[in-house]
Structure formats: C-alpha cells, structure tokens
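Undergrad: fold the following, please.
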Amino acid sequence: MKKYSILFITIACLSAFKSYTQESKINAANKDYNSLAYKDAVKSYERAAEKGYKSEEMFKKLGNSYYFNSDYEAAARWYGELFAMDSAAGSEYYYRYAQCLKSIGQWDKADKIMDEFNTMYKKDSRGKLYKENINYLDQVKANSGRYTIEDAGINSKYSDYSAIVHNNKIYFASARDTGNFSKRKHKWNNEYFTNLYEADLDSSKVKKIKSVVNSKFHESSPVFTKDGRTVYFTRNNYVNGKRGRDENKVTLVKIYKASFENNKWTNIVSVPFNSDNYSTGHPALSADEKTLYFSSNMPGSFGQSDIYKVSINGSGGYGNPQNLGKNINTEGKETFPYVTSENEIYFASDGYPGLGGLDVFVGKIEDNGIISNIQNLGSDINSPKDDFAYIIDPVTRKGYFSSNKDGGHGSDDIYKFTETRKLKCIQNLEGIITDAESGTILPDTKVILYEKEQIKFTAVSDPEGFYSLPAACSKTYTIRTERRNYDKKEISVTIAALNGKTNVSIALNKSACQLIVGTDLAKCFGIKVIYFDLNKSDIVSQAASELEKILVALNENPTMKLDIRSHTDSRGSYKYNETLSDRRAKSTMQWLVSKGIDPDRLTAKGYGESKLINACSDGMKCSDEEHQENRRSEFIITHI
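TA: Just a heads-up that it's a prediction; the model follows:
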C-alpha cells in the first residue's frame, strides 16, 4: 500500500511539474507575442502544442503569428485547429482563415467559411463584397494576361520591396546590409531592419543611400517631388536619436520628410499628422504634388489600415487628413497607395475578394474625390501570397511591384513589368422590349439603368423594340422600364467580367389602368376621396399624400390633361354641397399648380350631390358606408 502511495505521489508531482512547465512555456510565448516577437512565440507555442496542450487563445496566437508573417499555409493549420474547437472565434479569424485557405488553393472550403462569415457578420463590408462579387475569379481571369513580368535584377536573399523611380534611378527598401559588427534583427520576423537603397535603371549595381535618412530602424516607401528637393518616406518612430513608443511600449511607424540641400539629405522632420499611438506610412504624391496619400490606422479608420489623403499647402503646411471612405476602405488592410496622372489609384488590400494575402487593385478617382470601379489587377500581378507596392508610368506603361510569391530570392522581391493591354473592359447591355402576353415589340419604352439607386444611363427602345446601354464589367445594376399603359418593371442584372455584350430582354405586362381619354386616375390609384377639414376646402396631409400619386402621373405624362371632379353625399342642402365641392375641386387644382403643373392642363368643378352613384338621395335612410360611396374625387383624363 505504501509503495502504491509513493507511486501516486510521484505521478502527481510529475503531473504538477509537467503542468507548471507547460504553463511557463505558454507564459513565455505570450510575452514574446505581446512584444510582437512572433517568430520566438511560435517556437514556444508549438512545443506546447506538440505535448498535447490545446487552447483557443493559443491557436489564435499561433495562427496570427504565421499570418502576420505571410506564412499562410502554417496559419491555415492553426486556424483550422481553432475552428475544430467549435469556439466563437470572432469575425477576424473567419476572414483570416478564409484568406489562408484561398492562399493554399482550398477554394471550396474558403467559400464555405466566407458564407458563414457573411451570415454571422452582416455589417462587415468584406462579407458584402464577397457576396456582391461571388464570381470574382471571373474578373481576375478577365484582367489577367496583360503583362510581361521579370525579376527587377536588384533582389537579394533578404527582403527587397517598395520601389520608386526618380531621375533615372530606382529607390527601394532592403534588409541586405546590416553592418559588419552590429546586425540588428526585428523580432517580428527575425529579419534585419530595412534601409533605403538605390540603383541606376537597368543596372544590378545597388548601393545603400549614405544619408541620415537611413537609421538603425526600418525605412521604406520613399517618394520624391519632381524637383528632387523633398522626399517623404516611412520610418519607425525614431528621429534625432530618440525612439518613440505607444502606450504598449511598441515603436510604430511614421511618415517623415527630408530636404535635399548642399548635395545631401537633411532636416528630417515628422509630418504633423503623425502620432506615437497610431501608424502612418507608405506615402504617395498626386501628379500635381498638392495631395499626399498614405496608409494609417488613425482614429476614424474603418479597418486595420485605411488609405487617407492630406492637402499640401503652398507654404509647406498640411490640411487635415481625410479618410478616402468606405468606397475603397474595408475592415481589412488597405495600404501602399499609388496615384497616377490619369487619376487612377493603385493599392494593396486583403479586404476585397482576391487570390489570398494582399492583392493589388485599381480604382478611379472621380472629380468629387469618390473612388469608383475598383478592380483586381489579375493573376499576372497577384498571387496566393502578398502582392503590393505597385507603381506604373501611365505613358510607357512600365512599372514595378513587390511580392513574396513563390520562386523569388528572398521573403519579398521586386519585379518589373510592362503592361501590354490597359485594364479596360467594355460591355454593352442590350435587349428587346415586348408585350408579355402577345409578344408584340414595344418601341418608345424608357429604360433606366441604376447602380445602388443612382441613375447611370437612360435609353429609349427603337422601332424594333431594341435598347442598348453602356455598362461596366462585373457590376450589378437594376434595369427599370417605363411605358404608358404598362406596369413598370425592375430587373437586377450582373454584367459579365469579359468584353462583350450582356443580353437582357424584357417582357412587360399591360397595366390594369389604361392611360386613355376617359380613365379616372382615382380608380387607377385606389383614391376614394381627397380629404379636407370638416366643412372646409383646405387640403389635409393625408390628402396631399394621395395627390402625390396624381402629381407623379402628370409629370411622367407631360401631355396629359385632367378634369378634377369633386362630389358630396346628399346630406346638407343641395346648394351648400355644390359650393363646397366646387371649392374643394379648385383647391385640389391649386395644390397641383403649386407643385409645378401648368394650369392649362387642368380643369376643376364641384358637382355636389348631383351625381350620386347609389340611391342615397334626400329622404332615403342610408348607412354611413353607403353615403361614403358618394363622397369621392375623380381625375378624368381628357387628353393624353
């Protein structure tokens, strides 16, 4: 018995020691994770997982550690373990898991997760975009095959990315040269900090910019003014030897500005809209250099990072940063903006439907500043990994982009390209308008094309009933048809993603109310009576809502003329009823005139009790309902 007791105590002690060891590993991993040392955190978490330890928090952090380092295959494994626990993972984990599954080619499973995501988080724009672009792979395919791409010739086995061309030189960020003695690594990914480098175009000879622009922390994403005297760039929060930290002791990134004076870069300053408590980065200049675009997660952002713009004043000051809005920004990451002289904005995003990771998209900057017609650039540029930092010369159609896709030299590489065909998909929406019952063609039918309740185009069917409207590829529209004596009809249509034609023929049903001479519009619209205050001719609000129907009919049929007739029941004197109904008819007419209807199109008369429609005349005992039948307004079409 004693022997078994000793054995039990020994096993218990070992279990306690094992539990303590496991807990210490998790605590160490959490400490690394919270300090953004993801590579180190992974080692401790995975050792715990190998020993059979499971927890929702650990699987989340394991997946995130790989996801933040763009290792989507490993991230998918641990997010899969998280979802296997049947826990309430949260919206971001659904989306990240779907992104990872797409990246490793598990499209059906990714779509299933996205369907669940959209069902559970209906307000998230990423789910809405997925549903609105359910066939987004068709657009990706349609936009592919437009580039010739090759290695830029300046890559190393380290991270190289974010190229910009200025004065026949290419400038970019690289982690290749870390010094001979002090090699500093970033805990996030165990890679060296990046500095700015340059090379002559079409040369593989690269040199580090010898300037105070480069520090012992990260620098990237430079953009130069045309005169070469100003550069904006991204750097960790570090200037004049001082390192800034947020409330969690993390050093974020900021946009800095430097001036070129006496043949060297100097006067490095932080732009005024920076903060220690949020990041700003990846600056880009508009063609007129009056606007600076950038990425940030500052307060007011919709997602993990949004694209903003800020005006640059003539005095060198800045306006207030403006979020570009939900037309471009999602709950995910929008970053690395680039704006051309053609008012195109290129950017990287993981919030729009793509191939996995960051994809490059392009949108049109409208005159009012709204971003429209956002499209995926296709599978030449985009891959299952991260693709970003796209720039293009709008004249030569040559440019560069960065990617960590398979087959490169390092974790990120720079590629150069020539766009052989511009991204322009031309579609025509067309069809025949016919009578639904007889099949007769219907000319002169108005066709209106709406996009999200905004009218985009209108047309009228020709003598053969044919209509034709321009349309944007992959867009979803509403087609509305209007024709006299036919019911209005609305149809939703999604335009194809390829050049060509989308055919939508429409059959219309005859209206129960025919707009011909003699028709009473009151019967058409179910208007039994126009209400007035008791014994008065002032129109009350309820009557106004009914008259709106008549007003619409008059506006839609500008040649129509009406005779307005007002009737009473037999209660009250004959003369009083005649006078009261006449005042009411004329009051109705004046209301329509006040709304813009030409008085020459209207006549009005009161008939009192002279045209009763039942036997309820003077002396007859009738119910209120029977008297109500005689109290009516009529709007008789006299011309059409």
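
Undergrad: distance of the residue nearest the centre of the chain from Lys364?
TA: The residue lying closest to the centre of the chain (C-alpha atoms, centre = their mean) is Asn327, at 4.2 Å. Computed as C-beta to C-beta, to the nearest Å, the Asn327 to Lys364 distance reads 10 Å. From N, CA and C alone the C-beta is placed, and that goes for glycine too.

Undergrad: what's the domain layout of this structure?
TA: 2-122, 147-419, 426-508, 521-639 (automatic domain parsing).

Undergrad: so who does the nearest residue to Ser505 once chain neighbours are set aside touch?
TA: In space, Ser505 comes closest to Gly431 once its chain neighbours are excluded; the distance is 4.0 Å by C-beta to C-beta, 6 or more residues apart in numbering. Applying C-beta atoms under 8 Å, 6 or more residues apart in numbering to Gly431 gives the contacts 466-467, 503-506.

Undergrad: with pLDDT, distance to Ile455 and secondary structure added, can I get those in CSV?
TA: Formatted as CSV, the contacts of Gly431 follow (pLDDT from 0 to 100; distance: C-beta to C-beta, whole Å; DSSP: H, G, I helix; E, B strand; the rest coil):
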residue, pLDDT, distance to Ile455, secondary structure
Phe466, 97, 21, strand
Tyr467, 96, 15, strand
Asn503, 93, 22, strand
Val504, 95, 17, coil
Ser505, 95, 21, coil
Ile506, 96, 17, strand
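
Undergrad: any stretches of the stretch 51-200 of the chain with poor pLDDT?
TA: Applying pLDDT under 70 to the stretch 51-200 of the chain flags residues 87, 178-191.

Undergrad: please enumerate the helices of this protein.
TA: For the chain, helices defined by DSSP state H occupy the ranges 2-34, 38-50, 56-67, 72-84, 91-103, 107-120, 125-132, 136-142, 521-524, 541-556, 574-594, 624-630.

Undergrad: hang on, the earlier thing: with distance to Lys131 as added columns, please give the domains of the chain in CSV.
TA: Below are those laid out as CSV (distance: least, C-beta to C-beta, whole Å):
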stretch, distance to Lys131
domain 2-122, 6
domain 147-419, 10
domain 426-508, 10
domain 521-639, 33
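
Undergrad: which one of the ones you listed lies closest to Leu515?
TA: Nearest to Leu515 among the domains of the chain is domain 426-508; the distance by C-beta to C-beta comes to 5.2 Å.

Undergrad: now the closest one, how far from the chain's geometric center?
TA: Taking the mean of its C-alpha atoms, domain 426-508 sits 26 Å from the chain's own mean (C-alpha atoms, centre = their mean, to the nearest Å).

Undergrad: and stretch 622-630, by the same measure?
TA: Centroid separation for stretch 622-630 versus its chain: 57 Å, with C-alpha atoms, centre = their mean.

Undergrad: tell me which residues are up against that stretch.
TA: Residues from elsewhere that reach stretch 622-630, judged by C-beta under 8 Å, 6+ apart: 528-529, 567-571, 609, 612-616.

Undergrad: buried members of those into ChimeraX, please.
TA: In ChimeraX syntax, the buried subset of the contacts of stretch 622-630 is picked out as below (16 or more other C-beta atoms under 10 Å):
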select :529,567,568,569,570,609,612,616
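
Undergrad: between the contacts of stretch 622-630, which sits nearest Ser402?
TA: Distances from Ser402 to the contacts of stretch 622-630, taken as C-beta to C-beta, are shortest for Lys528 (70.0 Å).

Undergrad: so where's the stretch 351-500 of the chain shaky on pLDDT?
TA: Short version for the stretch 351-500 of the chain, where the test is pLDDT under 70: 497.

Undergrad: could you redo the last one with a cut-off of 80?
TA: 410, 424-426, 474, 496-499 (pLDDT under 80).

Undergrad: on that earlier part again, list residues touching both of Asn327 and Lys364?
TA: Common neighbours of Asn327 and Lys364 are listed as 371-372 (criterion: C-beta under 8 Å, 6+ apart).

Undergrad: shouldn't Lys364 be in contact with Glu344?
TA: Yes. Under the criterion of C-beta atoms under 8 Å, Lys364 makes contact with Glu344 at 6.3 Å.

Undergrad: coming back round to it: the contacts of stretch 622-630 in strands, which ones?
TA: In strands, defined here by DSSP state E, the members of the contacts of stretch 622-630 are His567.

Undergrad: how about the contacts of stretch 622-630 in TSV, adding distance to Ala522 and pLDDT?
TA: Below are those laid out as TSV (distance: C-beta to C-beta, whole Å; pLDDT from 0 to 100):
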residue	distance to Ala522	pLDDT
Lys528	7	68
Val529	9	69
His567	11	89
Thr568	15	82
Asp569	17	81
Ser570	20	81
Arg571	22	84
Glu609	18	83
Leu612	17	87
Ile613	13	81
Asn614	17	87
Ala615	22	86
Cys616	20	89
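
Undergrad: ok, Ser203 - contacts?
TA: Taking C-beta under 8 Å, 6+ apart as the contact definition, Ser203 lies against Gly153.
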